[in-house]
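K.L.:
okay, here's the prediction I keep looking at, along with the sequence it came from:
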Amino acid sequence: MLRLLAMLQMRREWSGPELADRLRVTVRTVRRDIDRLRELGYPVDSGPGHAGGYRLASGTNLPPLLLDDDEAVAIAVALRTATTGLTGIAETALRALTKLEHVLPTRLRGRVTALHQTVTPLHYTGGGPQADPVVLTTVVAACRDHEILTFDYTTRTSATGPRRVEPHALVTGAGLWYLIAYDTDRADWRLYRLDRLTQPIPTGHRVPARELPATDPATFVADKITAAPVRYRSIATIAAPADTVRARTWGSLPGRITPIDTHTCTLDLSGDQLPRIAAILASLDADYTLDADPDVLNHLATMADRAQRATPT
């Protein structure tokens, strides 16, 4: 029956004798197995007569897809690329990748890894969040199963140490992946950047899910990012609506855009990287005033002077 279902997924229509010949059974056996598939909820349509054709119709539920080795490898590699290179579908691709790699035979995992390591996609720097697919799939599975996770973590001051957490959720924003988790050693909720997280190891110990001290994961991350200490303070008042600014910054600054009126808003650009502050200001395509630390103003002045020297007179 699994082979029959796989064949029905391969092309639009098969005749009864064709299926019987391919499966090396009788036409009567094919009819019997078609009836069993229908009983299991698969919408198999058939034409009249002894040689009537069979086809798998669209149903209310997606039937299981049966893949050969090459198809499984191709899909796994494509999903790994999608988790690190495309905005919008990255989280969905990650869930699909986690399911696929959970059942992928050992003989195929080496092929998937080899292909992914040797084929390097060119990503636009303003695109989706970047992270190691192995780390992503391990962490998302731990979130799903409420399984305690251990890993090494490097802080913003470059200090590295072990962590033991109860993972809660993953959130993407500002070009990064964030893990929300309850740190069991510190007895507190913490936020971890996945690009600073290495060697995640599931412990096999599952615990009941804790209640997050926020209305939703996105709000938790936005509040943590806003409250985090930064090296450079920079707040712009922009002559553009908040929705326009949000669209021009790719929605990557959650909680940092505050409307003043229908035509003006403020944008908190405070952070640790002067080039990033300058790049976001350049993307606004609107007039603004800036309340910022001297280091930020000096960096912008240097960039403006460099651009002016590069412009032919």
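P.N.:
Sure, I can see it.
K.L.:
before we move on, what SS does residue 72 have?
P.N.:
helix (DSSP: H, G, I helix; E, B strand; the rest coil).
K.L.:
pretty sure it contacts residue 109?
P.N.:
No: look at residue 72 against residue 109 with C-beta atoms under 8 Å: they stay out of range, at 10.1 Å. (Each C-beta comes from the backbone N, C-alpha and C, glycine too.)
K.L.:
what about these two, which has more around it?
P.N.:
residue 72 (20 against 13; other C-beta atoms under 10 Å).
K.L.:
which residues touch the more buried one?
P.N.:
100, 104, 108 (C-beta atoms under 8 Å, 6 or more residues apart in numbering).
K.L.:
run a quick neighbour tally on the last one.
P.N.:
When you say that, I think you mean residue 108. 16.
K.L.:
so what's it scoring on pLDDT?
P.N.:
We have a pLDDT of 82 for residue 108.
K.L.:
give me the element it is part of.
P.N.:
For residue 108, the element it lies in under DSSP states H and E is helix 106-118.
K.L.:
helix or strand right after that helix?
P.N.:
Immediately after helix 106-118, counting by DSSP H and E, sits helix 133-145.
K.L.:
which positions in that next one come out as buried?
P.N.:
133, 135, 136, 137, 138, 139, 140, 141, 142, 143 (16 or more other C-beta atoms under 10 Å).
K.L.:
same list (those) but as a markdown table, adding pLDDT.
P.N.:
Converted to a markdown table, those look like this (pLDDT from 0 to 100):
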| residue | pLDDT |
| --- | --- |
| 133 | 70 |
| 135 | 83 |
| 136 | 78 |
| 137 | 75 |
| 138 | 85 |
| 139 | 87 |
| 140 | 80 |
| 141 | 81 |
| 142 | 89 |
| 143 | 88 |
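K.L.:
in TSV, list the residues you listed along with distance to residue 36.
P.N.:
Output for these, formatted as TSV (distance: C-beta to C-beta, whole Å):
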residue	distance to residue 36
133	38
135	42
136	39
137	35
138	38
139	40
140	35
141	33
142	38
143	37
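K.L.:
for the residues you listed, which one is nearest residue 204?
P.N.:
Each of those was checked against residue 204 using C-beta to C-beta; the closest is residue 142, at 10.4 Å.
K.L.:
name the helix or strand for the closest residue to residue 162 other than its chain neighbours, please.
P.N.:
Distances taken as C-beta to C-beta, 6 or more residues apart in numbering put residue 152 closest to residue 162, at 5.9 Å, once the chain neighbours are dropped. Following DSSP H and E, one finds residue 152 within strand 147-154.
K.L.:
okay, that strand in PDB with CA atoms only?
P.N.:
Once non-C-alpha atoms are left out, strand 147-154 reads as follows in PDB (Å, rounded to 0.1, in the frame of the first residue of the first chain):
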ATOM      1  CA  GLU A 147      13.600  19.100  26.800                       C
ATOM      2  CA  ILE A 148      16.300  20.600  29.000                       C
ATOM      3  CA  LEU A 149      19.300  21.700  26.800                       C
ATOM      4  CA  THR A 150      22.900  22.300  27.600                       C
ATOM      5  CA  PHE A 151      25.300  24.400  25.500                       C
ATOM      6  CA  ASP A 152      28.200  26.800  25.600                       C
ATOM      7  CA  TYR A 153      27.500  30.500  25.300                       C
ATOM      8  CA  THR A 154      29.600  33.500  24.500                       C
END
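K.L.:
and that strand, how far out from the chain middle?
P.N.:
19 Å (C-alpha atoms, centre = their mean, to the nearest Å).
K.L.:
buried ones in it?
P.N.:
147, 148, 149, 151, 153.
K.L.:
out of those, which one sits closest to residue 42?
P.N.:
Closest to residue 42, out of all of these and judged by C-beta to C-beta, is residue 147, at 33.4 Å.
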